[in-house]
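# structure here, sequence nowhere to be found:
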């Protein structure tokens, strides 16, 4: 919620007040994920080396983020705003991967997929709350929104610090430091993670639009709705997607991680297609379907990374990093494509399709193909 509440405020300020192009709006997302791509790997290596002590890094990064977000109020150019978003990417790359690692090592493998689903569902609720709060404050000065963001980041830092006093966490810390849980359960070598990172790369390529700054611009301009309605639409779609994301993760825990991942990718493609139809109710449905699928893809892919590779922390860092690279490239490329097609629609007998969105969904098709090459069986490590 701390992070999400600032996104529409900064996006609309950049687009409408600073009159930035869609490419520049996309660069906001790109700069954020570029920083996350680098520092996700750093966080993963720190997790493998220091175990649960990375909670202190999460505490510090959340705290600093609370003050960094205030820099938006004094940034009067697109370049400066991009720089601030990059700084947030550095801080979030370290803090979020650290917390994800702690979570994965704190619960049993049988519950790990659902634990990640609950974790990311909590994040989705934060997205809902952030967007709904922004919709109420959409006519207020941007400083009002940033002040709320700062308070929430400080609260997050306190919660991150509190993790260290959890008994289950302390048990995990000591076992990691003794070297008993530095490895995943299986002997999957990191080279075999290539299909997984291709999947994550292409999903986040498309999600950089659906979850980033561009979706606010796209809905606002393609469907002609107000800024407040845009925020409410994203909040509503995120909310109704929560159950679907949890069910996909439950399927992963109960039956097959890899089958659940492939099913999620197919559902994501359907959602992306519906968002391209110039019918606002179908766009809301498409957003909800994609968000549900993405809520399954994210925890399942993290579960696979932590579980099936010997260096679980490094594998998790790589998955996060390549996902971030996909978001960096995706936000820039899709921002360029949005400027190029500028609302161009393909006329069908009863409706119109956004050419921009149809082209964008090709990345989801590539993800589905890559998922077919994932190896499901590894020799269990001694």
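Structure received. Nothing here was measured: the structure is a model prediction, and the numbers come from that model.
# CA atoms for contacts and neighbours, from now on please.
Will do.
# any regions of the stretch 251-382 of the chain where pLDDT drops low?
Applying pLDDT under 70 to the stretch 251-382 of the chain flags residues 309-312, 375-382.
# likewise the stretch 101-250 of the chain?
164-191.
# would you map the helices across it?
For the stretch 101-250 of the chain, the helices defined by DSSP state H, counting those that start in this stretch occupy 109-137, 142-162, 167-177, 194-210, 214-222, 227-240, 242-254.
# dump those to a markdown table, plus distance to residue 328.
Below are those laid out as a markdown table (distance: least, Cα to Cα, whole Å):
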| stretch | distance to residue 328 |
| --- | --- |
| helix 109-137 | 20 |
| helix 142-162 | 23 |
| helix 167-177 | 33 |
| helix 194-210 | 8 |
| helix 214-222 | 13 |
| helix 227-240 | 21 |
| helix 242-254 | 24 |
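# out of those, deepest packed?
Of all the helices of the stretch 101-250 of the chain, helix 194-210 has the most neighbours on average by mean count of other Cα atoms under 10 Å, namely a mean of 25.
# which residues sit against that helix?
26, 29, 214-215, 287, 301, 318-319, 322-331, 334, 360-361, 363-364, 366-368, 370-371, 373-374 (Cα atoms under 8 Å, 6 or more residues apart in numbering).
# let's see that with 7 Å instead.
Contact with helix 194-210 is made by 29, 215, 319, 322-323, 325-327, 329-331, 360-361, 363-364, 366-367, 370-371, 373-374, as judged by Cα atoms under 7 Å, 6 or more residues apart in numbering.
# and for stretch 254-274?
248, 251-252, 282-283, 286-287, 289-290, 293-294, 296-297, 300, 358, 361, 364, 368, 371, 376.
# which one, of the helices of the stretch 101-250 of the chain, ends up nearest to residue 345?
With Cα to Cα, the closest approach to residue 345 among the helices of the stretch 101-250 of the chain belongs to helix 214-222: 9.4 Å.
# what's that closest one in contact with?
By Cα under 7 Å, 6+ apart, the surrounding residues in contact with helix 214-222 are 8, 25, 26, 209, 226, 227, 230, 343.
# now swap in stretch 31-48 and tell me
By Cα under 7 Å, 6+ apart, stretch 31-48 touches 54, 82, 85-86, 88-90, 92-94, 97-98, 101, 182, 313-314, 316-318, 320-322, 324-325, 327-328.
# so which residues of this structure form strands?
Applying DSSP state E to the chain gives strands spanning 345-347, 352-354.
# identify each buried residue in the last one, please.
Applying a neighbour-count criterion of 16 or more other Cα atoms under 10 Å, the buried positions in strand 352-354 are 353, 354.
# where's it relative to the chain centroid, distance-wise?
Between the centre of strand 352-354 and the centre of its chain there are 26 Å (Cα atoms, centre = their mean, to the nearest Å).
# could you do stretch 111-130 as well?
Between the centre of stretch 111-130 and the centre of its chain there are 11 Å (Cα atoms, centre = their mean).
# buried residues in stretch 45-61, which are they?
Residues 45-49, 51-61 are the ones in stretch 45-61 that count as buried (16+ other Cα under 10 Å).
# so which of the residues you listed are in helices?
Mapping those onto helices (DSSP state H) picks out 45, 46, 47, 48, 49, 55, 56, 57, 58, 59, 60, 61.
# would CSV of those residues with pLDDT and distance to residue 205 be doable?
Formatted as CSV, these follow (pLDDT from 0 to 100; distance: Cα to Cα, whole Å):
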residue, pLDDT, distance to residue 205
45, 76, 24
46, 78, 26
47, 78, 26
48, 72, 27
49, 75, 30
55, 77, 29
56, 84, 31
57, 86, 28
58, 87, 26
59, 90, 29
60, 91, 29
61, 93, 26
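# ok, so of these, who is nearest residue 4?
For these, with residue 4 as the reference and Cα to Cα as the criterion, the closest is residue 61, at 16.2 Å.
# distance of the closest one relative to residue 34?
Using Cα to Cα, to the nearest Å, one gets 17 Å for the distance from residue 61 to residue 34.
# between the helices of the stretch 101-250 of the chain, which gets nearest to residue 72?
Residue 72 lies closest to helix 142-162 among these, at 8.0 Å (Cα to Cα).
# hmm, who's touching that closest one?
Residues contacting helix 142-162 (Cα under 7 Å, 6+ apart): 2-3, 5-6, 9, 55-56, 58-60, 62-63, 65-67, 69-70, 73.
# of the contacts of stretch 31-48, buried ones?
Taking 16+ other Cα under 10 Å as the criterion, what is buried in these is 54, 82, 85-86, 88-90, 92-94, 97-98, 101, 182, 313-314, 316-318, 320-322, 324-325, 327-328.
# out of those residues, which sit inside helices?
Among the buried ones among the contacts of stretch 31-48, DSSP H puts 82, 85-86, 88-90, 92-94, 97-98, 101, 313-314, 316-318, 320-322, 324-325, 327-328 in helices.
# contacting residues for residue 290?
267, 268, 271, 272.
# show me which pair in those residues is furthest apart.
By the measure Cα to Cα, 267 and 272 form the most distant pair in those, at 8.7 Å.
# so between those two, which is more surrounded?
residue 272 (27 against 18; other Cα atoms under 10 Å).
# against residue 359, how distant is that one?
The gap separating residue 272 from residue 359 is 10 Å, by Cα to Cα.
# is it correct that residue 354 is in contact with residue 346?
Yes: if you go by Cα atoms under 7 Å, residue 354 and residue 346 touch, sitting 6.3 Å apart.
# who touches both of these two?
Joint contacts of residue 354 and residue 346 (Cα under 7 Å, 6+ apart) do not exist.
# what about residue 65, neighbour count?
By other Cα under 10 Å, the residues close to residue 65 number 24.
# run through who's touching stretch 54-72.
By Cα under 7 Å, 6+ apart, stretch 54-72 touches 46-47, 81, 84, 88, 91, 94-95, 98-99, 146, 149-151, 153-154, 156-158, 160-161, 164.
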